[in-house]
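1. let me see the structure of the following:
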Amino acid sequence: MDAIETLLTRKSVKSYKSDTVPKELIDKIVEAGLQAPSGLNKQAPIILVVTDKKTRDELSALNMNKDPFHRADPFYGAPVVLVVLADKSVPTYVYDGSLVMENMLLAAHALGLGACWIHRAKETFEMPEGKALLKKMGIEGEYEGIGNCIVGYADVPPVSKPRKENRVYYI
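-> Below is the predicted model:
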């Protein structure tokens, strides 16, 4: 898919098939995330690739505790969750993590997959259960959750929403 076409046609997918996503596609998405620019090339973000259903459901339950909409599954049934966390000691960590998220969202779309940014990664990994999960995975350090990139095959095509007008000013 052409880069500009990818940018202009990517939409958030909020309904997924349970079909397994091939590891090769997940690896390409992750690699796109790792290639994101970062302040002073510090590369503060890390990515947790969650394909294990039990861990995925545990993350969903933790996220749901902070979900103001009280959805039964804030990950919309997506079989893959790519969690982006970033080292808080790097001044640009939030921006760097956000760039990783965007690269992965675009890569998923370019590969014919659906994806969506799900918030509350920060809150999830501030909770004792979230910290315990990181410790169990062997992740140490002062990391803040930036976002959850859910990935899978779209069950329902995403709806295109109108863009607001008057958001560009030429000087």
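
2. check the offset of stretch 111-121 from the chain's centre.
-> Its chain's C-alpha centre lies 5 Å from the corresponding centre of stretch 111-121 when counted by C-alpha atoms, centre = their mean, to the nearest Å.

3. whoops, I mixed them up, stretch 139-156
-> 4 Å.

4. quick one: buried residues of that stretch?
-> Buried residues in stretch 139-156, counting neighbours by 16 or more other C-beta atoms under 10 Å, are found at 143-155. Yep, even glycine has a C-beta here, placed from its N, CA and C like the rest.

5. now, which of the residues you listed lie within strands?
-> Counted as lying in strands by DSSP state E, out of the buried residues of stretch 139-156, are Tyr143, Glu144, Gly145, Ile146, Gly147, Asn148, Cys149, Ile150, Val151, Gly152.

6. relative to Glu165, which of those is nearest.
-> Checking these against Glu165 with C-beta to C-beta, the nearest one is Gly147 at 27.5 Å.

7. from Leu106, how far out is the closest one?
-> Distance, Gly147 to Leu106, by C-beta to C-beta, to the nearest Å: 14 Å.

8. could you pull up the residues touching the residue nearest in space to the middle of the chain?
-> Most central in the chain under C-alpha atoms, centre = their mean is Cys149, positioned 1.7 Å from the mean C-alpha point. Shown in contact with Cys149 (C-beta atoms under 8 Å, 6 or more residues apart in numbering): 29, 33, 81-84, 101, 104-105, 108, 115-118.
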